[in-house]
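Participant: Got a predicted structure plus its sequence, pasted below:
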Amino acid sequence: MGYKLSSREKNLLIIGLIVIIGVVFYSFVYSNLSQRLENLKTQYETLTAELSRLNMIISNYNAHKAEIENAKKEYAKLKDIIPPNQNALFCVVDLKRLLETVKISTSSYMFEPSQKIELGNTKNLGDQFYPYYLSSRQTWNCEYEKIHTILDKQPNFAPLFTIDSLNMTKAENKLTVNAVIKFYGFNDPQSPAREFVLNKTIKSSPSGKNNLFK
């Protein structure tokens, strides 16, 4: 005859099974769920922080958007006045264009090597960023009015130029003018090279003279 469990034993057995099921659930199910929830919480906090950072960047950009756009326009204008990476070839083009506007002829388009300009407020930019100029010694035979005209063009002509060591002597009805003309540039390795279309900018017929355009 088989053993019959008493009510007390049945209750103890049920309690034991419940405890075992609880331990198994906690060990294999609840712990995994808890870890996943913790991971999701950490991920949520990370994404929330990143979203907050991006919102701050967008907010700052929107607040200064007008200033940024204005700065871009001013920089574009500045690049026309003081071209980045200006070289002797472009100086020849600019000098020819300048002299053509005032109808002054020259016998030389030779430019000396560029000279770095030391400015205190450019030192913070680093050694690769600095202004400089290229100079050419000029001799012109022209009327005084043309010298006055070329000096008047300095404030508005692009790129920027200056005339130094201006010396004038009268010869018959004209002046013999000796001067040093300088064109300015800015060294910027990150800026693209200045471009021009050769056959539209320079119309030359080589003759073997110092004046390349006669």
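Facilitator: Ah, there it is. Residues are numbered from 1 along each chain as shown.
Participant: From Phe161, how far out is Asn85?
Facilitator: 17 Å (CB to CB, to the nearest Å). Where C-beta positions appear, they are placed from N, C-alpha and C, glycine not excepted.
Participant: Please enumerate the strands of the protein.
Facilitator: For the chain, the strands defined by DSSP state E cover 115-116, 130-142, 161-171, 174-187.
Participant: Would you format these as TSV with mean neighbour count, distance to Lys41 and mean pLDDT included?
Facilitator: Formatted as TSV, the strands of the chain follow (neighbours: other CB atoms under 10 Å; distance: least, CB to CB, whole Å; pLDDT from 0 to 100):
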stretch	mean neighbour count	distance to Lys41	mean pLDDT
strand 115-116	12	58	94
strand 130-142	18	53	94
strand 161-171	12	66	91
strand 174-187	19	53	94
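Participant: Quick one, which of those gets closest to Phe90.
Facilitator: In terms of CB to CB, the element of the strands of the chain nearest to Phe90 is strand 174-187, at 7.9 Å.
Participant: Could you list the alpha-carbon positions for the closest one in PDB?
Facilitator: Presented in PDB, the C-alpha positions along strand 174-187 are these (Å, rounded to 0.1, in the frame of the first residue of the first chain):
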ATOM      1  CA  LYS A 174      56.300 114.100 -69.200                       C
ATOM      2  CA  LEU A 175      57.500 112.900 -65.900                       C
ATOM      3  CA  THR A 176      60.100 110.100 -65.400                       C
ATOM      4  CA  VAL A 177      58.700 108.200 -62.400                       C
ATOM      5  CA  ASN A 178      60.700 105.700 -60.300                       C
ATOM      6  CA  ALA A 179      58.600 103.800 -57.800                       C
ATOM      7  CA  VAL A 180      58.300 100.600 -55.900                       C
ATOM      8  CA  ILE A 181      54.900  99.000 -56.200                       C
ATOM      9  CA  LYS A 182      53.800  96.300 -53.800                       C
ATOM     10  CA  PHE A 183      51.000  93.700 -54.000                       C
ATOM     11  CA  TYR A 184      49.900  92.000 -50.900                       C
ATOM     12  CA  GLY A 185      48.900  88.400 -50.100                       C
ATOM     13  CA  PHE A 186      48.200  86.100 -47.200                       C
ATOM     14  CA  ASN A 187      49.800  82.700 -46.800                       C
END
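Participant: Can you list the helices and strands that it packs against?
Facilitator: Other elements packing on strand 174-187 under the criterion 3 or more CB pairs under 8 Å, 6 or more residues apart in numbering; DSSP states H and E are helix 88-102, strand 130-142, helix 144-152, strand 161-171.
Participant: Between these, which one is closest to Ile18.
Facilitator: Closest among the helices and strands packed on strand 174-187, using CB to CB: strand 130-142, at 82.2 Å.
Participant: Sheet-wise, list the partners of that closest one with their directions.
Facilitator: Using DSSP bridges, the strands paired with strand 130-142 in its sheet are strand 115-116 (antiparallel), strand 174-187 (antiparallel).
Participant: With distance to Leu151 as extra columns, can I get these in CSV?
Facilitator: What follows is the strands paired with strand 130-142, written out as CSV (distance: least, CB to CB, whole Å):
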stretch, distance to Leu151
strand 115-116, 22
strand 174-187, 10
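Participant: Leu51: which of those is closest?
Facilitator: strand 174-187 (39.9 Å).
Participant: could you give the angle of the closest one to helix 88-102?
Facilitator: Between the axes of strand 174-187 and helix 88-102, defined by axes from the mean of the first three to the mean of the last three CA atoms, to 10 degrees, the angle is 140 degrees.
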